[in-house]
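**Q** turn this into a structure:
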Amino acid sequence: MPAAATVVSETASCSVPVTLSDSLNLDLQEWYRWFHRHPELSYKEFNTTARIREILESHGIEILDSGLNTGVVAVVRGASATPVIALRGDIDGLPITENTGLDYTSENTGVMHGCGHDFNLTVALGAAILLNERRDTLPGTVKIIFQPAEEGRATAQRPTGAVQVLNTGVLDDVEALFGTHDAAGPVGAILIREGGITGAVDKFQVTIHGKGAHAAEPEDGIDPITVLTNVVQGLQAVIGRNLDPRHPRVLSVTHVEAGSSWNVIPQDAFFEGTVRTTEPQDRVLAKERAVAIINNTAAAYGATADVSWFFGSPSVFNDTGWTRIGREIIAEQGLAVGEDRPQLGGEDFSYYLERKPGLFVHIGAGQTGAAHGPTFRPDPAAIGSGVRFLTAIALRALEELQ
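**A** Model prediction:
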């Protein structure tokens with residue numbers, strides 16, 4: 001469920017203009033290219049972590065002892081200890097062979113920054129440096145998360161990076177969280193939207209138990225394949241008829257197994273897939289209706305079904321008040337604005353927003369190519385806009401929460 005709305009003032013506060021010096025902009029571009037050339041997979045970001053630490057320490061920014069093996073949590077302590085907010089950039093790459101033709105292409109064979117986490121962490125670095133320059137007048141504390149393993153396949157033993165960071169307790173005193181991510185769109189535009197903007201990632205696995213028989217004598221058995229095909233068709237009614245058609249959602253069956261011979265009706269049939277929703281109430285209803293359809297369809301044919309349902313990361317759900325303030329920041333800083341478009345891929349920033357309210361925006365980075373593809377290449381010219389927005393909203397958030 002989304003976090004409760006933050007109480008923020010109704011009177012807009014004029015933000016202090018945030019600018020980047022030419023020297024910082026050059027540094028950011030250089031760092032971005034270094035990170036792009038040296039991608040590392042989830043929970044293996046050792047060199048990335050070392051480079052982030054080196055940059056932070058060279059600017060006199062404190063690094064917290066979080067206990068993380070990879071990733072960094074830095075802190076900028078202002079003139080007062082509270083309030084405390086957090087900013088996040090993710091740092092891991094993907095197991096993809098790069099084919100961008102860039103002169104700073106990946107040097108790690110079979111690994112690339114195919115989702116732009118090199119872009120995101122560079123934005124967070126820039127914001128950390130600008131905030132640290134203002135620390136003497138900063139009205140509170142800002143923690144900056146350089147998070148590992150956003151792309152990692154989560155298990156109970158090896159959770160996604162956001163969960164691992166939360167489990168350290170280093171964010172227990174944080175009152176609001178803000179993050180950015182690159183996206184296709186006008187270079188430097190801030191894409192923003194209230195409510196759900198990514199998909200809750202849920203997985204289902206179903207085994208239909210029938211009764212095996214000879215293919216020439218189906219009356220002696222209960223055909224689990226017939227049951228399965230009818231269940232799969234019925235599940236689409238969950239999406240098309242049970243959920244609000246104004247809300248983004250999808251149900252996909254992606255894996256089917258049944259039988260081992262052309263002339264034998266098997267005993268069992270198996271399928272699995274995923275449901276993606278942006279609204280919390282749709283997530284609950286989708287499971288409820290899907291399980292009912294599976295069990296009742298199986299029973300109608302005299303079969304039974306075993307259903308396993310796994311809730312993954314929730315939807316990133318932007319708080320109403322912080323979204324309004326985010327729009328004000330964009331206008332006050334003279335940044336271009338665009339309306340964010342909900343998409344159903346997963347994003348583990350959602351775990352932070354389950355704990356505390358906040359805002360997650362996308363930074364337009366041109367025609368980037370398909371995310372998680374070998375030609376993905378965001379335009380680094382957009383980094384400066386991301387830094388300006390993230391810094392400005394951090395400053396404003398501290399004022400609002402005082």
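
**Q** in stretch 164-172, what's buried?
**A** Neighbour counts over stretch 164-172 (16 or more other C-beta atoms under 10 Å) mark Gln164, Val165, Leu166, Val170, Leu171 as buried. (Glycine included, C-beta is placed from N, CA and C.)

**Q** please apply the same query to stretch 292-300.
**A** Ile293, Ile294, Asn295, Thr297, Ala298.

**Q** which one of those residues is nearest to Trp262?
**A** Ala298 (24.3 Å; C-beta to C-beta).

**Q** state the distance from the closest one to Thr375.
**A** As for Ala298, its distance to Thr375 is 44 Å (criterion: C-beta to C-beta, to the nearest Å).

**Q** adjacent strands (with direction) for whichever strand or helix holds Glu272?
**A** Here Glu272 is covered by strand 268-277, with elements defined by DSSP states H and E. The pairing partners recorded for strand 268-277 under DSSP bridges are strand 200-209 (antiparallel), strand 249-258 (antiparallel).

**Q** against Thr254, how distant is the residue nearest to Phe204 when sequence neighbours are not counted?
**A** Spatial nearest neighbour of Phe204, excluding adjacent residues (C-beta to C-beta, 6 or more residues apart in numbering): Trp309 at 5.2 Å. As for Trp309, its distance to Thr254 is 15 Å (criterion: C-beta to C-beta).

**Q** neighbour count: the two, which is higher?
**A** Counted by other C-beta atoms under 10 Å, Trp309 and Thr254 do not tie: Trp309 has more neighbours, with 14 against 9.

**Q** which helix or strand contains the more buried one?
**A** Trp309 belongs to strand 304-311 when assigned by DSSP H and E.

**Q** for that strand, buried residues please.
**A** Ala305.

**Q** next helix or strand past it?
**A** Downstream of strand 304-311 (by DSSP H and E), the next one is strand 317-318.

**Q** any buried residues in the helix or strand hosting Ile330, and which?
**A** Assigned by DSSP H and E, Ile330 belongs to helix 320-332. In terms of neighbour count (16+ other C-beta under 10 Å), helix 320-332 has its buried residues at Gly321, Trp322, Thr323, Arg324, Ile325, Gly326, Arg327, Glu328, Ile329, Ile330, Glu332.

**Q** against which helices or strands is the helix or strand that that helix is followed by packed?
**A** Counting by DSSP H and E, the element after helix 320-332 in chain order, helix or strand, is strand 337-339. For strand 337-339, the packing partners by 3 or more C-beta pairs under 8 Å, 6 or more residues apart in numbering; DSSP states H and E come out as strand 190-192, helix 320-332.

**Q** tell me where the stretch 1-150 of the chain has strands.
**A** 62-63, 72-77, 84-90, 141-147 (DSSP state E, counting those that start in this stretch).

**Q** mind checking the SS state of the residue nearest the centre of the chain?
**A** Nearest residue to the geometric centre of the chain (C-alpha atoms, centre = their mean): Glu347, 1.5 Å. What DSSP: H, G, I helix; E, B strand; the rest coil gives for Glu347 is coil.

**Q** show the contacting residues for it.
**A** Glu150, His181, Thr198, Ser313, Val316, Phe360 (C-beta atoms under 8 Å, 6 or more residues apart in numbering).

**Q** low-confidence regions, the stretch 51-200 of the chain specifically.
**A** The stretch 51-200 of the chain contains no residues with pLDDT under 70.
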